[in-house]
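Asks: no sequence for this one, just the structure:
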């Protein structure tokens, strides 16, 4: 590790620290079996992060603005699908997409969440549960980023208890057109106030006891539909470069062909969420990697008492603990991803990966923030932004407590959700 002093700008005594270089950390070869194609996909995302994301993202994050130019570039590079198969586009393996999620999160949590919302949730819902006509209409434009999608499940009073959602849909005929009228509220909906179409999950309440009555269904709702009102949630201290919305659906009418034919129970919703939970674990690895990289590079450049911080025993011990946690996270996502590719991954295993990796990312971020001292709270040194973004990651797609209960039920055979 070099003890050379970092460069100093003319007339300025405070040095600048270069902590943004990729270190390609994989200490025990957790990803050694990745194919050349999988590695190429990863490196494509890394190059995008280095060239386009890192130079500008601090400003967007600080201003709480969505970098729509970056979203467009992601579409042009085919980075918005989150591994979802779209007709006419090459298949991306789960390992390749996991590595891509890691690299995107290493750059910025908001940009990784863009991929998760656009591809992992909205596009996946349509491809997994939509009609051939719906897939033809939306899949390719969404992959290109020309149509931005949202996934509206969470409600103001139903987060973890999403199966109890209160948003309703009723069959009706309006102006001679058969369809549904949707009423309710949704909250924390990414792209819900700045996109084009929202996948709304609502309970069918015809009350006639017919097929699907009182079950959760999925509907494609244009964001310019009369009665659809979305307000961007302000005051966030996490994921500030993507907008989440509070949506009010007041007598929103959609035609019958807006219903996703394969989404007629909460099981369909769970299938989408199960497919994305592992991606959240990969994102946590990316955040942890960014913080670890920043710490390693910083302690090699920061001079105190005439020598770099890296020459101190305590610093080396803390770096080793961070690497230990990061390596465990990498091994866990690599193994669970291979299980998923074989069709053998269980829900509890995915939950264990999610809670373990987000918890580990929090620990690594906290240690890195402390190691950077006062410089650790500056956006330009990466750690503070990741530290804040991990807090959102730790909560969405199932809190640590909810995922622990899923695993606990699997261990004991006893449900403790109520």
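Replies: Sure, I can see it. Nothing here was measured: the structure is a model prediction, and the numbers come from that model. Residues are numbered from 1 along each chain as shown.
Asks: quick one, domains of this protein?
Replies: 36-148, 150-264, 267-412 (automatic domain parsing).
Asks: can I get those domains in a markdown table with mean neighbour count and distance to residue 30?
Replies: Backbone N, C-alpha and C define where each C-beta goes, glycine included. Listed next are the domains of the chain as a markdown table, based on neighbours: other CB atoms under 10 Å; distance: least, CB to CB, whole Å:
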| stretch | mean neighbour count | distance to residue 30 |
| --- | --- | --- |
| domain 36-148 | 20 | 11 |
| domain 150-264 | 18 | 27 |
| domain 267-412 | 20 | 4 |
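Asks: pull the distance from the longest strand belonging to the chain to the chain's centre.
Replies: The strand spanning the most residues in the chain, taking DSSP state E as the definition, is strand 177-190. Distance, stretch centre to chain centre, for strand 177-190: 23 Å (CA atoms, centre = their mean, to the nearest Å).
Asks: who are the packing partners of that strand?
Replies: The contact analysis (3 or more CB pairs under 8 Å, 6 or more residues apart in numbering; DSSP states H and E) places strand 177-190 against strand 149-152, strand 168-174, strand 197-204, strand 216-222, strand 244-255.
Asks: could you give the mean pLDDT of the first one?
Replies: Here the mean pLDDT over strand 149-152 is 98, rounded to a whole number.
Asks: and the last one, by the same measure?
Replies: Confidence over strand 244-255, taken as the mean pLDDT, stands at 98.
Asks: and the helices in the stretch 51-200 of the chain?
Replies: Using DSSP state H, counting those that start in this stretch, the helices of the stretch 51-200 of the chain run over 57-63, 68-76, 94-107, 109-115, 124-129, 132-144.
Asks: among these, which is nearest residue 153?
Replies: Between residue 153 and the helices of the stretch 51-200 of the chain, the shortest gap by CB to CB is with helix 124-129, which sits at 9.7 Å.
Asks: follow-up on the earlier one: partner strands of the longest strand of the chain, with direction?
Replies: Based on DSSP bridges, the strands next to strand 177-190 in the sheet, each with its direction, are strand 168-174 (antiparallel), strand 244-255 (antiparallel).
Asks: of all the helices of the stretch 51-200 of the chain, which one is nearest residue 308?
Replies: When the helices of the stretch 51-200 of the chain are ranked by proximity to residue 308, the top entry is helix 94-107, at 23.9 Å, counting by CB to CB.
Asks: for the closest one, packing partners?
Replies: helix 36-48, helix 109-115, helix 266-301, helix 313-341.
Asks: and the last one, how far out from the chain middle?
Replies: The one in question is helix 313-341. Centroid displacement of helix 313-341 relative to its chain, using CA atoms, centre = their mean, is 20 Å.
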